[in-house]
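**Student:** the sequence isn't on hand, but the structure is:
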């Protein structure tokens, strides 16, 4: 599971000279968790919904007309943003993203494609849930199969093929279509992507066996890429 397939793509961004009051309005009106701050095509910082809401509530509580006027008409995003925020790459795995969020205590990441902000991925609660479901802490390898009609015995066949190729299975997760396309209400045997998590000395061998058995792979992850140095 790669970040590019789960992020919010092409996010709204703001330049650093944007008024904080305007950034707060954009976040509220568009139900966003964070706004990347971009100047000249380069990421400069990040402002989050939680920080702006806390700041606005503080100003209102003071009931000081001068502070309120400053907040509305003069305070700029560059004055309050997180500079050089932690980021992830479009090609990173969700497991890597989840671990990074946990280690840094960060709930929102700008997603980079080279120097370009390609997306935003948010919600620490979802990260935690997905981490446990996917076994992120165990650094499993895995593949995602293209949408497959899950008729009788299909998951068992997937399991048999993978294990015969040397995989030690840790989990098989059928998941519905990402979005509305491809969903068919009431379908007896729905087409679903199937996530297979396993340990294996040779991930390529497992991939080859599954594809030879008629299960196309749309993405794969080798846990050794993210192994911690000894």
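**Tutor:** It's in. Small disclaimer: the values here were computed from a predicted structure and weren't measured.
**Student:** stretch 132-146: how far from the chain's middle?
**Tutor:** Offset of stretch 132-146 from its chain centre (C-alpha atoms, centre = their mean, to the nearest Å): 14 Å.
**Student:** what's around residue 145, how many residues?
**Tutor:** By other C-beta atoms under 10 Å, 21 other residues sit near residue 145. In short, each C-beta sits where N, CA and C put it, glycine included.
**Student:** now it: closest residue in space that isn't a chain neighbour?
**Tutor:** residue 194 (4.3 Å; C-beta to C-beta, 6 or more residues apart in numbering).
**Student:** what pairs with the helix or strand hosting that neighbour, parallel or antiparallel?
**Tutor:** Residue 194 is part of strand 191-199 when elements are defined by DSSP states H and E. If you go by DSSP bridges, strand 191-199 pairs up with strand 141-149 (antiparallel), strand 168-175 (antiparallel).
**Student:** buried set for the first one?
**Tutor:** Looking back up the chat, that one is strand 141-149. Residues 141-145, 147-148 are the ones in strand 141-149 that count as buried (16 or more other C-beta atoms under 10 Å).
**Student:** closest one to residue 21 out of those residues, please.
**Tutor:** Comparing those against residue 21 with C-beta to C-beta places residue 144 closest, at 43.0 Å.
**Student:** grab the nearest non-local neighbour of that closest one.
**Tutor:** Using C-beta to C-beta, 6+ apart, the closest residue to residue 144 is residue 219 (4.7 Å).
**Student:** mind listing what that neighbour touches?
**Tutor:** Going by C-beta atoms under 8 Å, 6 or more residues apart in numbering, residue 219 touches 1-2, 5, 143-144.
**Student:** hang on, it in a helix?
**Tutor:** No - using DSSP: H, G, I helix; E, B strand; the rest coil, the assignment for residue 219 is strand, not a helix.
**Student:** now it: how far from residue 90?
**Tutor:** 12 Å (C-beta to C-beta, to the nearest Å).
**Student:** again with residue 82
**Tutor:** Per C-beta to C-beta, residue 82 is found 21 Å from residue 90.
**Student:** next: residue 33.
**Tutor:** Residue 33 sits 18 Å away from residue 90, going by C-beta to C-beta.
**Student:** mind checking the SS state of residue 106?
**Tutor:** The three-state assignment at residue 106 reads coil, by three-state DSSP.
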